[in-house]
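Engineer: Okay, sequence plus prediction incoming.
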Amino acid sequence: MKWQEYQEAVGVLYEQMSEMGEVKKNITIPDRITGQPRQIDVWWEFPAGNHLIKILIDAKMRTSKLDVKDVEEILALAKSVKADKAIIVTNNEWTAPAEVFANPEGLDFLVLTIDEATDLIVDGKWLMCHDCQNDCVVMDSDGAIEIEGKINWWLGGKCRSCKTLHIICQSCGAKVMMKMNDSWKCNCNFEWTNKEDYYEFKVIEENGIEDYQNPNQMKIDFN
């Protein structure tokens, strides 16, 4: 998952959570001193009596825990745009000193995992990739072919990040994960080969290999 997608997922999360007010995503607000535009991941405004409450929400996709420096940066940003409250949403967690520093300032933390984030914004998400665990597999390929009067069909999808191919042969129930350029044959003699933007499909027969590839059906496109 790209950090821009994680930012979008955090915005979608708060759009779903907020029952009042307005949630804005990826906007700029003038700095209270310099007037220069400051980028804001998510901005939530809602009325409370005669007042308008303004909450700054910052998305941080990290491989390690947030620390005090992260808290200091967001608190400074919140002050510069006159936010009443700040929230950090992260896929990881935070250090104990970061929490101690944040508590007196009223800054909150929220964990939104990569799995949860992809649920919010990725159409066709199948599962999180068991190989890289950094992104999801999108189910965007299926097919069927008649062989000797029997219908054989399968489901497939690739990890958006590492391009590992996940295949389920519905005919024999076999499942596999294949890295780039790997090949695999299931129990009913179907053979797949994982390529960059598609996978090749063949049927192994007793008298040789007969190619049943259908490019229109088999190709997997990635953006």
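Structural biologist: Arrived safely.

Engineer: What ranges does the chain have for its helices?
Structural biologist: In the chain, the helices defined using DSSP state H lie at 3-17, 68-80, 96-102, 114-121, 215-218.

Engineer: closest to C132 out of those helices?
Structural biologist: Proximity to C132 (Cβ to Cβ) singles out helix 114-121 among those, at 10.6 Å. For the C-beta atoms, the positions are set from N, CA and C on the backbone; glycine is no exception.

Engineer: what about the closest one, average pLDDT?
Structural biologist: For helix 114-121, mean pLDDT rounds to 94.

Engineer: Can you show me the strands along this protein?
Structural biologist: Secondary structure of the chain (DSSP state E): strands at 22-30, 37-48, 51-60, 85-90, 108-111, 125-128, 136-147, 150-159, 165-169, 175-178, 183-185, 190-194, 199-205, 208-210.

Engineer: right, and the ones you listed - which one's nearest E99?
Structural biologist: Shortest separation from E99 across these is recorded for strand 108-111, at 7.1 Å, computed as Cβ to Cβ.

Engineer: Quickly note the distance from the closest residue to D31 other than its chain neighbours to I33.
Structural biologist: Using Cβ to Cβ, 6 or more residues apart in numbering and skipping the chain neighbours, the partner closest in space to D31 is S80 (4.9 Å). Separation of S80 from I33 (Cβ to Cβ, to the nearest Å): 7 Å.

Engineer: Of the two, which one has the most company?
Structural biologist: Counted by other Cβ atoms under 10 Å, S80 and I33 do not tie: S80 has more neighbours, with 17 against 8.

Engineer: Mind listing what's buried along stretch 187-197?
Structural biologist: Of the residues in stretch 187-197, C188, N189, F190, E191, W192, T193, N194 count as buried by neighbour count, 16 or more other Cβ atoms under 10 Å.

Engineer: In CSV: the helices of the chain, plus distance to D142.
Structural biologist: What follows is the helices of the chain, written out as CSV (distance: least, Cβ to Cβ, whole Å):
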stretch, distance to D142
helix 3-17, 25
helix 68-80, 43
helix 96-102, 46
helix 114-121, 20
helix 215-218, 8
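
Engineer: closest one to M178 among those helices?
Structural biologist: Nearest of the helices of the chain (Cβ to Cβ): helix 215-218, 14.0 Å.

Engineer: need the contact list for the residue nearest to D31.
Structural biologist: By Cβ atoms under 8 Å, 6 or more residues apart in numbering, S80 lies in contact with D31, R32, I33, R38.

Engineer: Put together CSV for those residues, with distance to G49 on each row.
Structural biologist: Shown next, in CSV, are the contacts of S80 (distance: Cβ to Cβ, whole Å):
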residue, distance to G49
D31, 28
R32, 23
I33, 28
R38, 27
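
Engineer: Redo those residues as a markdown table? Include distance to N152 and pLDDT.
Structural biologist: Below are these laid out as a markdown table (distance: Cβ to Cβ, whole Å; pLDDT from 0 to 100):
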| residue | distance to N152 | pLDDT |
| --- | --- | --- |
| D31 | 63 | 96 |
| R32 | 65 | 94 |
| I33 | 68 | 94 |
| R38 | 57 | 97 |
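
Engineer: Which one of the residues you listed is nearest to K2?
Structural biologist: Set against K2, the nearest of these by Cβ to Cβ is R38 (21.9 Å).

Engineer: And the closest one, how close does it get to D58?
Structural biologist: According to Cβ to Cβ, R38 stands 11 Å off from D58.
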